[in-house]
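> Need a 3D model of the sequence below.
(chains A and B)
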Amino acid sequence: MSGCSKRCKLGFVKFAQTVFKLITGTLSKDKIEDELEMTMVCHRPEGLEQLEAQTNFTKRELQVLYRGFKNECPSGAVNEETFKQIYAQFFPHGDASTYAHYLFNAFDTTQTGSVKFEDFVTALSTLLRGTVHEKLRWTFNLYDINKDGYINKEEMMDIVKAIYDMMGKYTYPVLKEDTPRQHVDVFFQKMDKNKDGIVTLDEFLESCQEDDNIMRSLQLFQNVM
Amino acid sequence: MAAGVAAWLPFARAAAIGWMPVANCPMPLAPAEKNKRQDELIILNVSGRRFQTWRTTLERYPDTLLGSTEKEFFFNEDTKEYFFDRDPEVFRCVLNFYRTGKLHYPRYECISAYDDELAFYGILPEIIGDCCYEEYKDRKRENAERLMDDNDSENNQESMPSLSFRQTMWRAFENPHTSTLALVFYYVTGFFIAVSVITNVVETVPCGTVPGSKELPCGERYSVAFFCLDTACVMIFTVEYLLRLFAAPSRYRFIRSVMSIIDVVAIMPYYIGLVMTNNEDVSGAFVTLRVFRVFRIFKFSRHSQGLRILGYTLKSCASELGFLLFSLTMAIIIFATVMFYAEKGSSASKFTSIPASFWYTIVTMTTLGYGDMVPKTIAGKIFGSICSLSGVLVIALPVPVIVSNFSRIYHQNQRADKRRAQKKARLARIRVAKTGSSNAYLHSKRNGLLNEALELTGTPEEEHMGKTTSLIESQHHHLLHCLEKTTGLSYLVDDPLLSVRTSTIKNHEFIDEQMFEQNCMESSMQNYPSTRSPSLSSHPGLTTTCCSRRGKKTTHLPNSNLPATRLRSMQELSTIHIQGSEQPSLTTSRSSLNLKADDGLRPNCKASQITTAIISIPTPPALTPEGESRPPPASPGPNTNIPSIASNVVKVSAL
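Residues are numbered from 1 along each chain as shown, chains lettered A, B, ... in the order given. Below you'll find the predicted structure:
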């Protein structure tokens, strides 16, 4: 029973302290301030020269990118919530949160839960200035939700469903239940060369490079910056 | 290391020569001074206001934006200065921090704006100097309280998708306004609480005499009636308590909460009374228990916000109240002792002991003055008057603190109510803005189409009718358009003049809500018979052909003539690219088809302008309310084209 008596003693001491505090008028603690989390995790990116060397951007472009990034996130890192909110602004009619979640995981290569400026700029460099190979590899990485090196039908369904979710409810024609599934089936027919139910990176690269439309559209956002 | 001290470092190092003779071992080598730059003036341009300072000043705090290499991101090569697009007023304080080592908080500045600036420059608010820290903290706490209210009310009002029965019940209990049933329940319980309290009171009123015995209170005269009423009330309260217990998300926490304890205390006496027999010795205790029935009145606090505020105030002023109580006790003991000894001499004095004098002291200090105990000696009277004067003072001191606390909490609540009322208007306006953005997209689509159609028909004077959209807007719209093409869904654009009809099933687009219902009722487009035209094939895939044309709005123009002449496959997905002759058409066969069709359509247009095919959208007869009976004209002229197109097109409701 020693544990019990210890607890009793503790309780008694606490009670005595409370009574004492009541008498001397120092009872109220600043509860609100406990909740004010002063966690300002400030992250600073590497130097401009280093980033210029690592990515395909010029100094000026990096400056522009950083200014925009810092304006949105003064702390230097974006977390998933902010990402989802940003996407919700761009696609106000649908629910962009699922897709934003997958996209965030694709950006956050080190799986730390926050995207720093370096991650941001590296991914952008791949997407905008990278070779076709790099772009396709990035896209493969986006689709591969569990990062196991293969895309299976469930992962594709999740991605496609997330994309359709972004459109929202009010579309013409009405989005049918199995439209995403059909979409995925068509995709798998094209991509899965050996029909084993999963798409590997090589199959993906091969199939995409055979398709002119895809190749052409990869160059689409060339001059986004 | 503090800023001021760094300047003395050369002196301290030079003075270290004083140790040399005494030292036993040789000294370590001095650190090499690489990159010894001449200290230079840096220009910081903050929204046009130029600040100048030495580089070393900024480098005193290397973990902030200005002190680290992060500021290189803001360096402007052309003007050789660092440009920051921020508030120059707050920057003054920030720069002073580097200069003096003390961060001050300007009182006129909004607390969240100041916090944002500090976050931007990477400065922790804790560094704020003692002179301004208190003010900063107070303002921050106020702001946090205000925002907490906002978040609380927001969370309460978010419509949750689907709640279990238990959760709906709990929500109904906590917020009576969520459903009518909850409201009814709320009022019924309130009524029964009132009934119960009133019966408790009336029970004790003398109710007239039964002949032959003394006056009875009503409770004993109509004991059966009162018992029934009591039973009914307790039944209701028990049921309510059990329901709340069932619905509570955390039963353990619910049981420990104040309201539940009040509930239990309110109904326990009844059950205990049922259990106990009419035993003589326990009935005394039982009578005492009935006192607890009065706690039912506290159940009203669920119904009255004012009561809750009062309770919350008392709780938050607990320390002041405690102090008041303690100081009063001290004063009472002092004065009681004094009065006792002063009155000891007088005969037949009521001040028989010190505890007996407590009563006199309390009555005097609170200025009640019943007069049942009065001092008779002169000394007693003198001390009695001092007692009453000091009583007034001691009580008056902590009261303003409590009053100000109450006022703060009350105003907070009022503000919360006001904000909740304004929330509806705010949400409505946000909704309007949202539809505005979608309308903007549709507008731009429409205007784009209008422009391109007019270009086609070659009426140059109307070319610039459309609104010019900013670059960001047009890029955003391009993004939305790409999403449309990816998914194959689409927005319907309406324009009575142009009557653009859009795509096949492959193209899902964004659409207005009203149109959505209309289209839902219309038939599925998927089942139309069509003849495959082999030259036109569609490419399934996530990215479609249209998106490869960046920078040009791709449009869908109807070809109402075509359905009669050539039915296309419903799977067709082709777009018109209106552009210069930069790119050859996607498939030559397409363009040939185009030309054939275009002969009739738009003889005015130069063939080189249209490179790729028409959209194949066979007009499903069901979708054209008025177009069913009208066969499209065979070879319309360009100017009659548009009206004929219009005739076969669904009239979409105006945005």
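> can you give me the strands in the stretch 351-500 of chain B?
Counting by DSSP state E, counting those that start in this stretch, the stretch 351-500 of chain B has no strands to list.
> Most proximal residue of it with respect to chain A?
Residue nearest to chain A within the stretch 351-500 of chain B: residue B:489 (3.7 Å; CB to the nearest CB). Quick note: C-beta positions are derived from backbone N, CA and C, even for glycine.
> Report the beta-bridge partners for that residue.
With beta bridges defined as DSSP bridges, residue B:489 has these partners: residue B:508.
> Do I have it right that it meets residue A:175?
Yes: using CB atoms under 8 Å, residue B:489 is in contact with residue A:175, at 6.0 Å.
> Around the residue of the stretch 351-500 of chain B closest to chain A, count how many other residues there are.
27 (other CB atoms under 10 Å in any protein chain shown).
> Please report the distance of it from residue B:274.
According to CB to CB, to the nearest Å, residue B:489 and residue B:274 sit 67 Å apart.
> Flag the shaky bits of the stretch 201-350 of chain B, pLDDT-wise.
B:209-210, B:212-213, B:277-284, B:286 (pLDDT under 70).
> in it, which spans are strands?
Using DSSP E, counting those that start in this stretch, strands in the stretch 201-350 of chain B cover B:206-209, B:215-217.
> Nearest approach to chain A belongs to which of these?
Closest approach to chain A among the strands of the stretch 201-350 of chain B (CB to the nearest CB): strand B:215-217, 40.3 Å.
> elements contacting that closest one?
Helices and strands touching strand B:215-217, by 3 or more CB pairs under 8 Å, 6 or more residues apart in numbering or on different chains; DSSP states H and E, are strand B:206-209.
> so what strands line up beside the strand it packs on?
strand B:215-217 (antiparallel).
> Domains in chain A, by residue range?
A:4-128, A:138-224 (the TED database).
> And the ones you listed, which one averages the lowest pLDDT?
Note on the domains of chain A: lowest mean pLDDT is at domain A:4-128, with a mean of 79.
> and it, how far apart are its ends?
Using CA to CA, to the nearest Å, one end of domain A:4-128 lies 66 Å from the other.
> and the nearest residue to residue B:370 once chain neighbours are set aside, what pLDDT?
Spatially, and ignoring its direct neighbours in sequence, residue B:370 is nearest to residue B:363 (5.3 Å; CB to CB, 6 or more residues apart in numbering or on different chains). We have a pLDDT of 94 for residue B:363.
> swap in residue B:381?
Confidence score, pLDDT, at residue B:381: 94.
> Could you identify the helix or strand that succeeds the helix or strand containing residue B:147?
Using DSSP states H and E, residue B:147 sits in helix B:130-157. With elements assigned by DSSP H and E, the helix or strand that comes after helix B:130-157 is helix B:165-174.
> Nearest the geometric middle of chain A, what residue?
residue A:104 (1.1 Å; CA atoms, centre = their mean).
> my guess is that one meets residue A:83, correct?
Yes: with contact defined as CB under 8 Å, residue A:104 reaches residue A:83; the gap is 4.8 Å.
> can you list residues touching both of these two?
Residues touching both residue A:104 and residue A:83 by CB atoms under 8 Å, 6 or more residues apart in numbering or on different chains: residue A:115.
> Write out the residues of the stretch 101-250 of chain B neighbouring chain A.
Within the stretch 101-250 of chain B, the positions lying close to chain A (CB under 8 Å from any CB of the partner chain) are B:116, B:119-120, B:122, B:124-126, B:137, B:140-141, B:144-145, B:148.
> Flag whichever of those scores worst on pLDDT.
Lowest confidence among those: residue B:148, with 71.
> can you give me the strands for chain A?
Assigned by DSSP state E, the strands in chain A fall at A:77-79, A:114-116, A:150-152, A:171-172, A:198-200.
> burial measure for residue B:300, as a count.
If we define neighbours as other CB under 10 Å, then residue B:300 has 15 of them.
> how many other residues sit next to residue B:289?
Around residue B:289 there are 16 residues (other CB under 10 Å).
> same deal with residue A:59?
With other CB under 10 Å as criterion, residue A:59 counts 15.
> correct me, but it touches residue A:53?
No: counting by CB under 8 Å, residue A:59 stays clear of residue A:53, with 10.8 Å between them.
> Next up, the contacts around residue B:39.
Contacts of residue B:39 (CB under 8 Å, 6+ apart): B:54-56.
> hang on, the earlier thing: just the strands of chain A: most buried one?
strand A:171-172 (a mean of 25; mean count of other CB atoms under 10 Å in any protein chain shown).
> That one close to chain B?
Yes: counting by CB under 8 Å from any CB, chain B is contacted by strand A:171-172 at A:171-172.
> Pull up the pairing partners for that strand, direction included.
When DSSP bridges is applied, strand A:171-172 pairs with strand B:509-510 (antiparallel).
> Would you verify that residue B:42 is located in a strand?
Yes: applying DSSP: H, G, I helix; E, B strand; the rest coil, one finds residue B:42 inside a strand.
> Beta-bridge partners for it, please?
With DSSP bridges as the rule, residue B:42 is bridged to residue B:53.
> That one - how many residues pack around it?
Quick note: residue B:42 (other CB under 10 Å) scores 19 neighbours.
> how much space between it and chain A?
Here residue B:42 is placed at a distance of 16 Å from chain A (CB to the nearest CB, to the nearest Å).
> Pull out the buried residues from stretch A:45-53.
A:45, A:48, A:51-52 (16 or more other CB atoms under 10 Å in any protein chain shown).
> for stretch B:227-238, same thing?
Buried residues in stretch B:227-238 (16+ other CB under 10 Å): B:229-230, B:233-234, B:236-237.
> now, which of the residues you listed sits nearest residue B:107?
residue B:237 (53.0 Å; CB to CB).
> and the closest one, what does it touch?
B:189, B:192, B:196, B:263, B:266-267, B:296, B:299.
> Over to residue B:377?
With the criterion set at CB under 8 Å, 6+ apart, residue B:377 makes contact with B:342-343, B:345-346.
> what's the pLDDT at residue B:606?
40.
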